[in-house]
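**Student:** build me a model from this:
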Amino acid sequence: MLHPGPDSRDELIETLVEAQSNDVIGAQSREMLEGVIRMADMTTGDVMLATPRMVLINIDAPFDELLHLVIDTAHSRFPVYEGERENILGILMAKDLLKLQRAPELNIKALLRPAVFVPESKGLNELLRDFRDNRNHLAIVIDEFGRVAGLVTIEDVLEQIVGEIEDEFDVAEDEGDIFGLTDHTYRVSGDTSIERVNAAFDVLLPESDFETIGGLVAHEMGHVPKRGEDFELAGLQFTVLHTKGGAVRWFKVAPVSASD
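**Tutor:** From the prediction side, this is the model:
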C-alpha cells in the first residue's frame, strides 16, 4: 500500500527509468523494455517501407537485369510482380538465383516463395508472433482498399525493441568509401569526405561546415533522408540506400547525365 504500482504505460516507463537510476537494470535492458511497451500501441503501418521505396522484381526481366538488381541493392528477399506492380506473385530469395544461373531452363515462377499479406492496421505484437510462428521474414502490407501499401520485415519489428540491427550495409566508420557497381554507378558511404567525393567524381560540391557527404546531402535536402529518396547535387544523383540513427550510411551515386 505504501508503494502502489504504475497505473499507466507512462508511469511504467518512469518506473523503468527509476530502476535504471537505482542500478536495478542496465540502460540497454531499460531501452528494450521500453521498446516492448511502446510496441504494444504500434501497427504495421508505423514501421513498413512504403510502396514508392520498395524494390520489386519484374518476373519478365532478363536474368542479367535480375542479377544486377540483387547485387546493387544487397537485399536477400524481393517481391516479384507480373504486369502491374500491384500484382505480386511471390517472394524471390536472392540465393535462389544461383539455381537459375545453373539451370537457365528453369521457370522463375518455380523459385518463388509464397507471399504473405497483412493489413497495415495489424498490431506489431501480433505481426511478430506471426513471423515467429510461420517462419516468415517479410510480408506485403495491404491498405484498407486492398492495395499494396508497402512491405515489412521481421527486422523492422525487432528494431522497435532492440534498436538498429547491423546488416550487410554496416561497416566500421573508418572503412567507408566509394565502390563501383555493375551498372556503372557507385555505392558511396555517407562517411566519405566531401573532398574524396569531389576528387572521385570530378565535381565541386558546395562549401559548407560539413566534412562528410552524408552530412552535406542531408543539409541540402533540409530533412532527415529516408531510404529510397533521390537528390541531385553538383551534377550527381544521390539515392539513399540505407540510413541508421538518422544518418545516411550508403548512397547510390551516378552522374545526372548517366541516370537520365
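**Student:** buried residues in stretch 49-56?
**Tutor:** Using 16 or more other C-beta atoms under 10 Å as the test for burial, stretch 49-56 gives 49, 51, 54-56. (Glycine included, C-beta is placed from N, CA and C.)
**Student:** can you tell me what sits against that stretch?
**Tutor:** By C-beta atoms under 8 Å, 6 or more residues apart in numbering, the surrounding residues in contact with stretch 49-56 are 69, 73, 75, 78-81, 85, 88, 148-152, 156, 226-229.
**Student:** show me how this protein divides into domains.
**Tutor:** For the chain, automatic domain parsing gives the domain ranges 10-39, 46-162, 173-259.
**Student:** ok, and for the first one, which residues are buried?
**Tutor:** The reference is to domain 10-39. So domain 10-39, judged by 16+ other C-beta under 10 Å, has buried residues 13, 16, 20, 25, 30, 32-35, 39.
**Student:** and the two most separated of these?
**Tutor:** 20 and 39 (19.1 Å; C-beta to C-beta).
**Student:** now do residue 257, the pLDDT please.
**Tutor:** Note on residue 257: pLDDT of 69.
**Student:** now residue 198
**Tutor:** 92.
**Student:** could we number from 29 for the rest of this?
**Tutor:** Okay, residue one is now 29; in that scheme the one you just asked about reads as residue 226.
**Student:** the strand or helix carrying it packs against which elements?
**Tutor:** Element membership for residue 226, per DSSP states H and E: helix 222-229. On a contact count with 3 or more C-beta pairs under 8 Å, 6 or more residues apart in numbering; DSSP states H and E, helix 222-229 meets strand 206-208, helix 241-249.
**Student:** outside of the longest one, which residues touch it?
**Tutor:** Yep, that's helix 241-249 we're talking about. Outside helix 241-249, the residues touching it (C-beta under 8 Å, 6+ apart) are 216-222, 225, 233-234, 236, 238, 252-253, 257, 259, 261, 266, 275-277, 279.
**Student:** mind checking which of the residues you listed are buried?
**Tutor:** 216-220, 222, 225, 233, 238, 253, 257, 259, 261, 266, 276-277, 279.
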